[in-house]
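Asks: Give me a model of this one.
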Amino acid sequence: MLLFMMVLLILGGQVQVTSAVTCDPSQLLPCVPVIFNSAPASPACCSKLKEQQPCLCGYVRNPSYRRVINTPGAAAMSRICGVPLTRCAK
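Replies: Numbers count the residues shown, from 1 in each chain. Model (predicted):
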């Protein structure tokens, strides 16, 4: 979990997308317990995931984040929050 948070903070950077959302993976920190500890997805996690939805394909394409996104916990979070992580063109 600490490694994931460090990756987010060090490599996260902020990228502007055309829909006025600032892509900032550190905004998804409320989801860390869901991804790594199979905790229930909190409203804060789902809210942040939906907020960052325009950025998710960029995260999926980034090798640094792909390891985290391709976990069972991330898949469960995606289903629970209703935000698909797999609809990105490669």
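Asks: Need the CA coordinates for stretch 21-32. PDB is fine.
Replies: Extracted in PDB, the C-alpha atoms of stretch 21-32 (Å, rounded to 0.1, in the frame of the first residue of the first chain):
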ATOM      1  CA  VAL A  21     -10.700  17.600 -15.100                       C
ATOM      2  CA  THR A  22      -7.200  17.600 -13.700                       C
ATOM      3  CA  CYS A  23      -5.800  14.100 -13.900                       C
ATOM      4  CA  ASP A  24      -4.200  13.500 -10.600                       C
ATOM      5  CA  PRO A  25      -4.000   9.900  -9.500                       C
ATOM      6  CA  SER A  26      -3.400  10.900  -5.900                       C
ATOM      7  CA  GLN A  27      -7.100  11.900  -5.900                       C
ATOM      8  CA  LEU A  28      -7.800   8.200  -5.800                       C
ATOM      9  CA  LEU A  29      -6.200   7.600  -2.400                       C
ATOM     10  CA  PRO A  30      -9.600   7.000  -0.800                       C
ATOM     11  CA  CYS A  31      -9.700   3.800  -3.000                       C
ATOM     12  CA  VAL A  32      -6.400   2.300  -1.700                       C
END
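Asks: Quick check, pLDDT for the residue nearest to the spatial centre of the chain.
Replies: Per Cα atoms, centre = their mean, the C-alpha nearest to the average position across the chain is that of Leu28, at 5.4 Å. On pLDDT, Leu28 comes in at 95.
Asks: What's the separation between it and Val34?
Replies: 10 Å (Cβ to Cβ, to the nearest Å). Bear in mind the C-beta positions are built from the backbone N, C-alpha and C, glycine included.
Asks: Give the residues shared as contacts by the two.
Replies: Cys45 (Cβ atoms under 8 Å, 6 or more residues apart in numbering).
Asks: picking up where we left off before, disregarding residues adjacent in the polypeptide, which is nearest to the residue nearest to the centre of the chain?
Replies: Lys48 (5.5 Å; Cβ to Cβ, 6 or more residues apart in numbering).
Asks: Can you say which helix or strand has that neighbour in it?
Replies: Using DSSP states H and E, Lys48 sits within helix 43-51.
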